[in-house]
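>>> only geometry, no sequence info:
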DNA sequence: ATAGGGTTAG
């Protein structure tokens, strides 16, 4: 039966009536709805459509293609309408999210058909509603099943309902169901245990998930997986890793879902290098990644710019046919864009068989990150032409593109259009983009007015953006306003004090400088550790500011010293004003020397052959001094260097940067 | 005819 087409061909062209024993087999493997209809016509012509086996096959085949009307017509023509057919119809309506239709059928079967629903009918209803995202209806259906007093929900129904409750965060109902499962004696069922772990995990009850798992007392792989996912959701990455290692050690039969879960867990909790390592280990264990694993691991490659790993995931996906998958495609677009290969990203994007809002956002965001604002905006218009509805993320991408390129009127235009033409209310990040857009262009008062008119409380990013712009344009008054808010919102953020101090210093307002310095002594400051990644010969190196643990650190420092001498000789002046002011003047050079992006570039210079391009990723924004230094190094060493900071890409070449120093 | 676990953009 591997060639249904030939079978259909046979059935249509034989000169004697088709065998009712053959039709169900043909229907079972029938690949399309039109062919099913053709087979139905054949059956009618041959007078066998009412044969119980043929009719049942027709019913299920129509339901498989979602053709509920055809299915119902066939069912009504059936001599004896049994609970099996009714159940299938109810489940199909529920699975399409048609709760009302499903309930109507349930009533019809009892009154019109004189058939009582059984536990399978109810379970099918709960399960279908759950899968179609009608969580409330699913919970209500289970409650009613219980309320009817005739049927006790079994493990299947409880599992489905728990799954639905987790999705909408109805933990109190979930707890009641947990209690029912204990009473009904199905709380040890493997599916119920897994569903409980899943439900508690989605409702932020990290303690409960471990308790349920421990009490279950046996190692079911799906429960293990739910546990890892639950811990991941609740940011307990070390606990998840510890348990995963324990499962491996105890010889649990972990599958591709288990490995995908732990990889996803690491990626979602900022442990990119661990994710890369686990992905490698999974394959060493003989578990082959599938089309879910790939989009899980790709962000890890993107975050540390592991282009070679990303490329091999691309090739693997190509061989496996995963490029047809919208998740895989979107994640590849994002990965290439974040590795600075926006053209490769575009190739993937153009070849995708279908695109959703995530795919478009990834591509538009990719251009924005490159500072290719015009292309980003053009693509946004193509998106609208393709009838793809934009979402809040789309506008974050479009507005940030405008910000990078100083497209002020355009940005303001999209900010208006977003609200009035696309019905997207501005969120914090949209205001942050607008404040940056106006502030960079020197329209500080307009930026301040916008903040004042915000319908909700501005956060630290908003005021931080204003403060940064005040630094660029030397506005002390607004800087003091912004800084006061920031000292309140994020008192431990060292950068804010430094910025304000720098603004005072640039105006020679030494009283202000001293005042800020005093404040810094009083509060416990937290500086986020600068961290950069560079991929050299398929290996990703991580370099931390002020950390000398890299095995090649002596050579790296030597290289930086040598570069500093050359820079000095050629008239390059270090921008020491980007350093914290609580550092003695003579130390400033040394502090600057260990910014992580410089360590990464130095390592790249001494580990690759002359002329090789270098790609560095950094967890903070690049500082002005490093920006100048990169320009110099690109020229002096004859290298192309790209640095992706939290904001965008900087491509250094022949002493110039692609951002045109506007950042 | 019904069941539980992993996925992409900012």
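That came through, no problem. Please read these numbers as outputs of a predicted model, since none were measured by experiment.

>>> Please name the nearest non-neighbouring residue to residue A:337.
residue A:366 (2.8 Å; CB to CB, 6 or more residues apart in numbering). All C-beta spots, glycine's among them, are computed from the backbone N, C-alpha and C.

>>> burial count for that neighbour?
29 (other CB atoms under 10 Å).

>>> name the element it belongs to?
Element membership of residue A:366, judged by DSSP states H and E, is helix A:357-369.

>>> Need the per-residue pLDDT for the residue nearest to residue A:337.
On pLDDT, residue A:366 comes in at 97.

>>> ok, residues contacting the helix holding residue A:366?
Contacts of helix A:357-369 with the rest of the structure, by CB atoms under 8 Å, 6 or more residues apart in numbering, involve A:326, A:329-331, A:333-334, A:336-338, A:342, A:345-346, A:349, A:352, A:373, A:375-376, A:379-380, A:383, A:388-391, A:393-394, A:396-398, A:400-401, A:404, A:644, A:648-649.

>>> so of those, which ones are in strands?
A:644, A:649 (DSSP state E).

>>> In helices, which of the contacts of helix A:357-369 appear?
Judged by DSSP state H, helices contain the following of the contacts of helix A:357-369: A:326, A:329-331, A:333-334, A:336-338, A:342, A:345-346, A:349, A:373, A:375-376, A:379-380, A:383, A:393-394, A:396-398, A:400-401, A:404.

>>> residue ranges with poor pLDDT in the stretch 101-250 of chain A?
A:149 (pLDDT under 70).

>>> What distance do you get for residue A:595 to residue A:642?
16 Å (CB to CB, to the nearest Å).

>>> Of those two, give the one with the bigger neighbour count.
Ranked by neighbour count (other CB under 10 Å), residue A:595 and residue A:642 place residue A:595 first, with 25 against 22.

>>> is it true that that one touches residue A:624?
No - applying CB atoms under 8 Å as the test, residue A:595 and residue A:624 come out as separate, 11.0 Å apart.

>>> Go through the helix holding residue A:366 and flag the buried ones.
Neighbour-count burial for helix A:357-369, counted by 16 or more other CB atoms under 10 Å, picks out A:358-369.

>>> any chance of those residues in TSV, with distance to residue A:180 too?
Formatted as TSV, these follow (distance: CB to CB, whole Å):
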residue	distance to residue A:180
A:358	38
A:359	43
A:360	45
A:361	42
A:362	44
A:363	48
A:364	48
A:365	46
A:366	50
A:367	53
A:368	51
A:369	51
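
>>> Tell me which other helices or strands the longest helix along chain A touches.
Across chain A, the helix with the greatest residue count (assigned by DSSP H) is helix A:553-569. The contact analysis (3 or more CB pairs under 8 Å, 6 or more residues apart in numbering; DSSP states H and E) places helix A:553-569 against helix A:588-593, helix A:596-607, helix A:624-636.

>>> what about the last one, average pLDDT?
In this model, helix A:624-636 has an average pLDDT of 91.

>>> elements contacting that helix?
Partner elements for helix A:624-636 (3+ CB pairs under 8 Å, 6+ apart): helix A:553-569, helix A:596-607, strand A:641-644, strand A:649-653, strand A:656-657.

>>> Pull the distance from that helix to the chain's centre.
34 Å (CA atoms, centre = their mean, to the nearest Å).

>>> And for stretch A:220-235?
18 Å.

>>> got it, and stretch A:311-326?
18 Å.

>>> right, quick check: that stretch against DNA strand B, any contact?
Yes - residues of stretch A:311-326 contacting DNA strand B under CB under 7 Å from any atom of the strand: A:325-326.

>>> List the buried residues in that stretch.
A:311, A:313-314, A:317, A:320, A:322-323, A:325.

>>> circling back to that earlier point, other residues contacting the longest helix of chain A?
Contacts for helix A:553-569 (CB under 8 Å, 6+ apart): A:548, A:550, A:574, A:589, A:593, A:598-599, A:602-603, A:605-606, A:629, A:632-633, A:636.

>>> How about stretch A:168-179?
With CB under 8 Å, 6+ apart as the criterion, stretch A:168-179 contacts A:135-136, A:139, A:142, A:158, A:161-162, A:165-166, A:187, A:196, A:199-200, A:202-203, A:205.

>>> hmm, 6 Å instead?
A:135, A:139, A:162, A:165, A:199, A:203 (CB atoms under 6 Å, 6 or more residues apart in numbering).

>>> and if you look at stretch A:231-242?
So stretch A:231-242 is in contact with A:201, A:206, A:228, A:265, A:268-269, going by CB under 6 Å, 6+ apart.

>>> how is chain A carved up into domains?
Per automatic domain parsing, the domain ranges recorded for chain A read A:433-522, A:532-657.

>>> Lowest average confidence across those, which one?
domain A:532-657 (a mean of 85).

>>> Can you point out the buried residues in stretch A:556-571?
Under 16+ other CB under 10 Å, the buried positions of stretch A:556-571 are A:556-557, A:559-560, A:563-564, A:567.

>>> Oh, that last question was meant for stretch A:430-440, not what I typed.
For stretch A:430-440, by 16+ other CB under 10 Å, it's A:430-440.

>>> ok, it near DNA strand B or not?
No - using CB under 7 Å from any atom of the strand, stretch A:430-440 never reaches DNA strand B; the gap is at least 8.9 Å.

>>> And stretch A:456-469, by the same measure?
No - figure legend: stretch A:456-469 not in contact with DNA strand B (CB under 7 Å from any atom of the strand); closest approach 11.4 Å.

>>> Return the distance of that stretch from the chain's centre.
Relative to its chain's centre, stretch A:456-469 lies at 26 Å (CA atoms, centre = their mean).

>>> Please identify the buried residues of that stretch?
For stretch A:456-469, the buried set under the neighbour-count rule, 16+ other CB under 10 Å, comprises A:458, A:460-469.

>>> Out of those, which is nearest to DNA strand B?
residue A:461 (11.4 Å; CB to the nearest atom of the strand).

>>> just how off-centre is stretch A:200-212 within its chain?
22 Å.

>>> Could you tell me the end-to-end distance of it?
Terminal residues of stretch A:200-212 are spaced 9 Å apart (CA to CA, to the nearest Å).

>>> Buried residues of it, list them for me.
A:200-203, A:205-206, A:208-210, A:212.

>>> hmm, back to that, now the buried residues of helix A:357-369 in TSV, with distance to DNA strand B?
Compiled in TSV, those are given as follows (distance: CB to the nearest atom of the strand, whole Å):
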residue	distance to DNA strand B
A:358	4
A:359	6
A:360	8
A:361	4
A:362	4
A:363	9
A:364	9
A:365	4
A:366	8
A:367	11
A:368	8
A:369	7
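
>>> with these in mind, which one is nearest to residue A:82?
Each of the buried residues of helix A:357-369 was scored against residue A:82 by CB to CB, and residue A:358 proved nearest at 44.1 Å.

>>> tell me which strands and helices the helix or strand residue A:297 falls within is in contact with?
Assigned by DSSP H and E, residue A:297 belongs to helix A:293-303. With contacts taken as 3 or more CB pairs under 6 Å, 6 or more residues apart in numbering; DSSP states H and E, helix A:293-303 sits against helix A:256-268, helix A:272-284, helix A:307-320, helix A:326-338.

>>> let's see 10 Å
helix A:256-268, helix A:272-284, helix A:307-320, helix A:326-338, strand A:539-544 (3 or more CB pairs under 10 Å, 6 or more residues apart in numbering; DSSP states H and E).

>>> That helix to helix A:326-338, inter-axis angle?
Orientation check (axes from the mean of the first three to the mean of the last three CA atoms, to 10 degrees): helix A:293-303 against helix A:326-338 gives 10 degrees.

>>> Mind checking the pLDDT average for helix A:293-303?
97.

>>> anything in that helix near DNA strand B?
Yes - using CB under 7 Å from any atom of the strand, we find that helix A:293-303 touches DNA strand B at A:293, A:295-296, A:298-299, A:302.

>>> mind checking how far that helix is from the chain centre?
The answer for helix A:293-303 is 10 Å, by CA atoms, centre = their mean.

>>> now stretch A:623-631: how far from the chain's centre is it?
32 Å.
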